[in-house]
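*Asks:* here are the coordinates; sequence isn't available:
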């Protein structure tokens, strides 16, 4: 581990997980272990959901903004 808390993932593991530079990784703690999993990108799931109308980035941003405001606004 570096002085900045960075770690190196060996090439064999990167290849098995199919991760590369700038991919996002999800880290969780399980008992006394750190679990690393590749994060799923929107490109990987594009097209698997059915919608009544086209989904745009603005629709997604608006939906996220609304759900965040709903969740964290005082009631």
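*Replies:* Structure received. Keep in mind that this is a model prediction, so the values were computed, not measured.
*Asks:* name whatever forms a beta bridge with the residue nearest to residue 29 when sequence neighbours are not counted.
*Replies:* Leaving aside its sequence neighbours, residue 29 sits nearest to residue 35 (CB to CB, 6 or more residues apart in numbering; 7.3 Å). (C-beta placed from N, C-alpha, C; glycine too.) Beta bridges link residue 35 to residue 28, judged by DSSP bridges.
*Asks:* mind checking how far the helix or strand containing residue 61 is from the chain centre?
*Replies:* Taking DSSP states H and E as the criterion, residue 61 maps to helix 57-72. When distances are taken as CA atoms, centre = their mean, to the nearest Å, helix 57-72 is centred 17 Å away from the chain's centroid.
*Asks:* give me the buried positions along it.
*Replies:* If you call a residue buried by 16 or more other CB atoms under 10 Å, then helix 57-72 has no buried ones at all.
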